[in-house]
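1. predicted model and sequence below, questions to follow.
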Amino acid sequence: MQYASGDYRQALRAGGVVASMSRKGNCYDNATMESFWSTLKLDLIYRRNFVSHRQARTEIFDYIEVFYNRQRTHSALGYFSPVDFELINN
């Protein structure tokens, strides 16, 4: 596992960073991000052919900031968008 290699952990320590990894085979701490990556790929990446790295960055940024956070409803948030959920609960 590359993220658990000695060199990687040493580089993190040298930078004052503490790695946060669960035990081998436990993916629950990454479940939220894995769900997001899956959604991003299905909603945007697999549907597009980007002509440049710049176009991909721009469209991914727009997807996250304009659609995913402000318009797309999330079942885990009671079918509110993340922005609406934050406004209601803060």
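-> All right, it came through fine.

2. measure the residue positioned nearest the centre of the chain to H74 for me?
-> When CA atoms, centre = their mean is applied to the chain, the residue found nearest the centroid is M33 (4.4 Å). For M33, the distance to H74 equals 14 Å [CB to CB, to the nearest Å]. To be clear about C-beta, it is placed using only N, CA and C from the backbone, and glycine gets the same treatment.

3. what does I45 give?
-> 19 Å.

4. just the CA trace of the top helix by length along the chain, in PDB.
-> Ranked by residue count under DSSP state H, the longest helix found in the chain is helix 31-43. Only the C-alpha atoms of helix 31-43 are listed here, as PDB (Å, rounded to 0.1, in the frame of the first residue of the first chain):
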ATOM      1  CA  ALA A  31     -17.000   6.100   2.500                       C
ATOM      2  CA  THR A  32     -18.200   9.700   2.100                       C
ATOM      3  CA  MET A  33     -15.400  10.600  -0.300                       C
ATOM      4  CA  GLU A  34     -15.700   7.400  -2.300                       C
ATOM      5  CA  SER A  35     -19.400   8.100  -2.700                       C
ATOM      6  CA  PHE A  36     -18.500  11.700  -3.900                       C
ATOM      7  CA  TRP A  37     -15.900  10.400  -6.400                       C
ATOM      8  CA  SER A  38     -18.400   7.900  -7.800                       C
ATOM      9  CA  THR A  39     -21.100  10.600  -8.200                       C
ATOM     10  CA  LEU A  40     -18.600  13.000  -9.900                       C
ATOM     11  CA  LYS A  41     -17.500  10.300 -12.300                       C
ATOM     12  CA  LEU A  42     -21.100   9.200 -13.200                       C
ATOM     13  CA  ASP A  43     -22.500  12.700 -13.400                       C
END
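
5. quick one: contacts of that helix?
-> Helix 31-43 has contacts (CB atoms under 8 Å, 6 or more residues apart in numbering) with 27, 60, 63-64, 67-68.

6. good, we can wrap up now.
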